[in-house]
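Enquirer: heads up, no residue letters with this:
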């Protein structure tokens, strides 16, 4: 397999992983020499793959998990509590709040959290998808600037 294709697929896959998302995928892609525009596109697309599934099915998945075991029920309760804390900001500012939640590239934010919050707040998919996409794109640009700047800084050392 072509090395560039392999690193593109890895970047895509890493961007789909919760918590890591494109915050980890972009530095990975850049570290392996992929062009900046390609890294941004692949990371954003990969990060968006789980969004509709989370938005559409997370309540059913949570209900099933709660029935399956007491331990899973405890985990789901903690996840929902964290999401509800973040949901207060989203409720106050509506879609702008959701955009900001997704756009800030910090742990506990991102497409996964934004999709979960959107699902818990019953935000319709036609509003959720473009808002999360705009947030993911913004976070991707910020991460590219940070990563590219950091790699440029280390190339002088």
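Expert: Here it is on my side, so go on. As the structure is a prediction and not an experimental result, all values here were calculated from the model.
Enquirer: residue 17 contacts residue 24, doesn't it?
Expert: Yes. When contacts are counted by CB atoms under 8 Å, residue 17 is listed as touching residue 24 (7.4 Å). Any C-beta I mention is one placed from the backbone N, CA and C, and that applies to glycine too.
Enquirer: residue ranges in this structure under the pLDDT threshold?
Expert: 150-157 (pLDDT under 70).
Enquirer: centroid residue for it?
Expert: Centroid-nearest residue in the chain: residue 111, 3.0 Å away (criterion: CA atoms, centre = their mean).
Enquirer: can you name every helix or strand that the helix ranked longest in the chain contacts?
Expert: Counting residues, the longest helix found in the chain (DSSP state H) is helix 125-155. Judged by 3 or more CB pairs under 8 Å, 6 or more residues apart in numbering; DSSP states H and E, the packing partners of helix 125-155 are helix 21-31, helix 36-48, helix 50-68, helix 95-103, helix 111-120.
Enquirer: that one relative to helix 50-68, how many degrees between them?
Expert: On the basis of axes from the mean of the first three to the mean of the last three CA atoms, to 10 degrees, helix 125-155 is oriented at 110 degrees to helix 50-68.
Enquirer: list the buried residues in helix 125-155.
Expert: Buried residues in helix 125-155, counted by 16 or more other CB atoms under 10 Å: 128-129, 131-133, 135-140, 142-144, 147.
Enquirer: which one of those residues is nearest to residue 115?
Expert: Nearest to residue 115, judged by CB to CB, of the buried residues of helix 125-155 is residue 132 at 6.1 Å.
Enquirer: quick one on the thing from earlier: for the helices and strands packed on helix 125-155, which one sits closest to residue 13?
Expert: The closest of the helices and strands packed on helix 125-155 to residue 13 is helix 36-48. By CB to CB, the value is 6.7 Å.
Enquirer: which helices and strands does the closest one pack with?
Expert: Judged by 3+ CB pairs under 8 Å, 6+ apart, the packing partners of helix 36-48 are helix 3-16, helix 21-31, helix 125-155.
Enquirer: not counting sequence-adjacent ones, nearest residue to residue 118?
Expert: Of all residues not flanking residue 118 in the chain, residue 128 sits nearest, at 4.3 Å (CB to CB, 6 or more residues apart in numbering).
Enquirer: residues contacting that neighbour?
Expert: Residue 128 sits next to 51, 55, 98, 115, 118, 119 when contact means CB atoms under 8 Å, 6 or more residues apart in numbering.
Enquirer: run the last query once more with 10 Å
Expert: Going by CB atoms under 10 Å, 6 or more residues apart in numbering, residue 128 touches 51-52, 54-56, 95, 98, 114-115, 117-119, 121-122.
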